[in-house]
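In: whatever this is, show me its structure:
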Amino acid sequence: MCMHYFYRGWLYPWMIRTHPGARNNFSLLPAVGGWLVTVTHGYLNAAWFAEYGRHLRDRRWLSHPCFIIGISLYLTGFAALVYHDSIMRNLRPCPGGARYCIPHGGLCDYATQAVYFCELWAWFGFALISCGPNGAFIFLVSLANLVPRAMASHKWYLANFGDEYAALNRKYLIP
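Out: Residues are numbered from 1 along each chain as shown. Okay, here's the model as predicted:
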């Protein structure tokens, strides 16, 4: 989980590329919302792992199916997230100087928002690892945030790329 927050909070913003001439689009409301979710998630993690999830400290937990499946999902989901972020980040500059272009490669060939799918995949793995309200919280908050965004993004691609995008027959979130 720490590697996820380090990646999302520090590395990803540093690596992102913007279109030349784009103006800053920082908005305080989403930043505060993200901060509140992160603080709540941090509190739930601390409370769960320190007080209520004591059974997770038993070495037998490492061989439990929830842990094995959860860690596998979390690590592969995180790796897929980084990979698909790279695909999206490397769309700039677009051919011919266009501001936007269609992503290709990996799960992007099957879903408009493969990045969001990978994010949910990782958080579902974390929910299995933690087996508590902390994992369920971050998975459900991410689900509530990313599903509507994936749907809106899919509509945006259809509106802006028309038949060219429709012909790709991509789902909006789940490949």
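In: contacts and neighbour counts: CA atoms only from here.
Out: Noted.
In: how about the helices in the protein?
Out: 2-6, 12-15, 28-47, 65-89, 114-130, 133-166 (DSSP state H).
In: looking at the ones you listed, which is buried most?
Out: Comparing the helices of the chain by mean neighbour count (mean count of other C-alpha atoms under 10 Å), helix 114-130 comes out on top with a mean of 25.
In: centre of the chain to that one, how far?
Out: The gap between where helix 114-130 is centred and where its chain is centred comes out at 8 Å by C-alpha atoms, centre = their mean, to the nearest Å.
In: now the angle between helix 133-166 and it, please.
Out: Between the axes of helix 114-130 and helix 133-166, defined by axes from the mean of the first three to the mean of the last three C-alpha atoms, to 10 degrees, the angle is 160 degrees.
In: identify all contacting residues around helix 114-130.
Out: Residues outside helix 114-130 that contact it (C-alpha atoms under 8 Å, 6 or more residues apart in numbering): 1, 53, 56, 66-78, 80-81, 84-85, 107-108, 134-136, 138-139, 142-143, 146, 150, 173-175.
In: by mean pLDDT, show me the worst of the helices of the chain.
Out: Lowest mean pLDDT of those: helix 12-15, a mean of 65.
In: next up, phi/psi of residue 174, please.
Out: phi -100, psi 120 (degrees, to the nearest 10).
In: any idea how far it is from residue 147?
Out: From residue 174 across to residue 147, the span is 10 Å (C-alpha to C-alpha, to the nearest Å).
In: same question for residue 168.
Out: Using C-alpha to C-alpha, one obtains 20 Å as the distance from residue 168 to residue 147.
In: repeat for residue 114
Out: Per C-alpha to C-alpha, residue 114 is found 11 Å from residue 147.
In: same deal with residue 126?
Out: To residue 147, residue 126 is 18 Å away according to C-alpha to C-alpha.
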